[in-house]
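S.K.: Quick one, what's the 3D model for this:
(4 chains)
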There are 2 protein chains.
Amino acid sequence: MDDRAKRIVETAVELAERDGFQAVRLRDVAASAQVALGTVYKRFASKEEILIAALEQESEKLVTRLGKKAVPGDSSEERVRAVFVAITRGFVRRPNLAKATVRSLASGDPNITERVASFHALITAVVMSAIRGEAVVAQTEWGGDTDLRERQIASILQNVWFASFVGWAGGLHDVSRVLEDVDMAAALLFEE
Amino acid sequence: MDDRAKRIVETAVELAERDGFQAVRLRDVAASAQVALGTVYKRFASKEEILIAALEQESEKLVTRLGKKAVPGDSSEERVRAVFVAITRGFVRRPNLAKATVRSLASGDPNITERVASFHALITAVVMSAIRGEAVVAQTEWGGDTDLRERQIASILQNVWFASFVGWAGGLHDVSRVLEDVDMAAALLFEE
DNA sequence: TCGCAAAATAGAACATGTTTCACTTCTCCT
DNA sequence: AGGAGAAGTGAAACATGTTCTATTTTGCGA
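M.R.: All right, here's what the predicted structure looks like:
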């Protein structure tokens, strides 16, 4: 990302955090980033794409933070819980930005399909790491020998988290519910 | 819903089904429904609200259809699978409409929060019925004596389905994946 | 250094969701 | 029947995402 693109994303983040998705007016973004509107569109295909870029930055920071030290917890369930608390808190720290990015995630804009897929994959990978008690790393390659069940559980938990997080973003319930949903799923999936 | 509102929703459905969310241009909707633009806004607060109204119609039909005969299957898992196949197929029959409504569901528009919550509750209720092997009914009241675990499982499955369905709507994967995700979750949640 | 191609800019233009307004039609009460 | 208020209408206006254009600036290879 070149300088201008960085300024654009940075500005969008500020506006989104201050007043949410609709406050990210591209004219304002361009003006604040000291860039022409055409330049914004040279870099990003749509408003959603800018916010997804912001999400990617956030995700990267999140993974970096998580990678600093091993996920705490003596069991998969505990570590999963810890990791979802961290993820959720990380996003909810800037609630309006989080809601704006969720909206972009769910917009269905074909321009960002791959990016959305990457995001889901990233969360799933982090959860995978937590289940196995390994260090959280951004880019993991799991071979076919990987335990299938672990991958399935990670995928399910990721889905549960995402659905509930979207619910939070839409005002259906508050953050505690998101964590409860994930905890509940983890409890049922890890018991036996 | 009065006559005009019905015409509006009906028209929106047609346009959405033909060419998706962006094709639902409210001027066109108004014209096709033989109604003034102001009248559209007298009935619905936003474009999203119109599509949510369409979703409610669809959901109602779906529940009616499901209620016709008992959900087939000898175990909770089988019935859950059957019910999700029916729900998913029901929506995917009109893919563009489904994608448009998903987009509205995830828009975060505060005007529709309750409606979105109702939709989630409806799906969960249907799944609950399937788990218990009871007839599917639109409006069920479960007392506190209801098995907690069943409610939790229903809620988890609903979340998994929703997240995966949103993924389908966003082009992340195709419908079969949605059913695989749900099946996988059901398999893990019902095993023991 | 010069000149050109790529990138950036300012600003207009366009599309469409949403709001507003002045006017007309309808409904219903007396 | 007559009239008041509600509802509907057509059209304009406004906001903002997106596109387009003419002009200027920038960076770079000869």
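S.K.: which residues sit against the host helix or strand of residue A:4?
M.R.: Using DSSP states H and E, residue A:4 sits within helix A:3-19. Outside helix A:3-19, the residues that touch it by Cβ atoms under 8 Å, 6 or more residues apart in numbering or on different chains are A:1, A:23-25, A:28-30, A:32-35, A:39-40, A:43-44, A:50-51, A:53-54, A:57, A:94, A:96-97, A:100-101. Every residue, glycine included, has its C-beta placed from N, CA and C.
S.K.: distance between the helix or strand that contains residue A:176 and the chain's centre?
M.R.: Using DSSP H and E, the element containing residue A:176 is helix A:175-190. With Cα atoms, centre = their mean, to the nearest Å as the basis, helix A:175-190 stands 18 Å off its chain's centre.
S.K.: what's the answer for stretch A:26-38, then?
M.R.: Taking the mean of its C-alpha atoms, stretch A:26-38 sits 26 Å from the chain's own mean (Cα atoms, centre = their mean).
S.K.: Extract the C-alpha set from stretch A:28-48 and format it as CSV.
M.R.: Extracted in CSV, the C-alpha atoms of stretch A:28-48 (Å, rounded to 0.1, in the frame of the first residue of the first chain):
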residue,chain,number,x,y,z
ASP,A,28,-14.5,13.8,3.2
VAL,A,29,-12.1,10.9,3.1
ALA,A,30,-10.5,12.3,0.0
ALA,A,31,-10.3,15.8,1.5
SER,A,32,-8.9,14.6,4.9
ALA,A,33,-6.4,12.4,3.2
GLN,A,34,-5.4,15.3,1.0
VAL,A,35,-6.1,13.3,-2.1
ALA,A,36,-8.5,13.7,-5.1
LEU,A,37,-11.6,11.7,-5.2
GLY,A,38,-10.4,10.1,-8.4
THR,A,39,-7.3,8.9,-6.6
VAL,A,40,-9.4,7.2,-4.0
TYR,A,41,-11.1,5.2,-6.8
LYS,A,42,-7.8,4.5,-8.4
ARG,A,43,-6.8,2.6,-5.2
PHE,A,44,-10.1,1.1,-4.1
ALA,A,45,-13.1,-0.1,-6.1
SER,A,46,-15.6,0.9,-3.5
LYS,A,47,-16.2,2.2,0.0
GLU,A,48,-16.5,-1.3,1.2
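S.K.: which bits of chain A sit near chain B?
M.R.: A:21, A:99, A:102-103, A:105-110, A:113, A:116-117, A:120, A:149, A:152-153, A:155-156, A:158-160, A:162-164, A:166-167, A:169-172, A:181, A:184-185, A:188-189, A:192 (Cβ under 8 Å from any Cβ of the partner chain).
S.K.: Check those for burial and list the buried ones.
M.R.: When the residues of chain A next to chain B are checked for burial by 16 or more other Cβ atoms under 10 Å in any protein chain shown, the buried set is A:21, A:99, A:102-103, A:105-109, A:116, A:120, A:152-153, A:155-156, A:158-160, A:162-164, A:166-167, A:169-172, A:181, A:184-185, A:188-189.
S.K.: pLDDT on the host helix or strand of residue A:64, on average?
M.R.: Residue A:64 belongs to helix A:47-68 when assigned by DSSP H and E. Here helix A:47-68 scores 94 as its mean pLDDT.
S.K.: Check whether that helix comes near DNA strand C.
M.R.: No - judged by Cβ under 7 Å from any atom of the strand, helix A:47-68 stays clear of DNA strand C, getting no closer than 12.8 Å.
S.K.: Report the buried residues of that helix.
M.R.: Neighbour counts over helix A:47-68 (16+ other Cβ under 10 Å) mark A:47-56, A:58-59, A:62-63, A:66 as buried.
S.K.: For it, name the packing helices and strands.
M.R.: Helix A:47-68 makes packing contacts with helix A:3-19, helix A:76-92, helix A:95-105, helix A:113-132 when contacts are defined by 3 or more Cβ pairs under 8 Å, 6 or more residues apart in numbering or on different chains; DSSP states H and E.
S.K.: Packed most tightly, which of those helices would that be?
M.R.: Sort the helices and strands packed on helix A:47-68 by mean neighbour count, taking mean count of other Cβ atoms under 10 Å in any protein chain shown, and helix A:95-105 sits at the top with a mean of 23.
S.K.: I'd like to know which elements that helix is packed against.
M.R.: Counting by 3+ Cβ pairs under 8 Å, 6+ apart, helix A:95-105 packs on helix A:3-19, helix A:47-68, helix A:76-92, helix A:148-169.
S.K.: Out of those, flag the one nearest DNA strand D.
M.R.: Closest to DNA strand D of the helices and strands packed on helix A:95-105 is helix A:47-68 (Cβ to the nearest atom of the strand; 3.9 Å).
S.K.: Is there proximity between that closest one and DNA strand D?
M.R.: Yes - for helix A:47-68 and DNA strand D, the contact criterion (Cβ under 7 Å from any atom of the strand) is met by A:47, A:48.
S.K.: And the pLDDT for the residue of chain A found nearest chain B?
M.R.: The nearest approach of chain A to chain B comes at residue A:106, 3.4 Å away (Cβ to the nearest Cβ). At residue A:106, the model reports a pLDDT of 92.
S.K.: contacting residues around the closest residue to it other than its chain neighbours?
M.R.: Nearest non-adjacent residue to residue A:106, counting by Cβ to Cβ, 6 or more residues apart in numbering or on different chains: residue B:106, 3.4 Å away. Each residue near residue B:106 by Cβ under 8 Å, 6+ apart is listed here: A:102, A:103, A:106, A:107, A:166, A:170, B:166.
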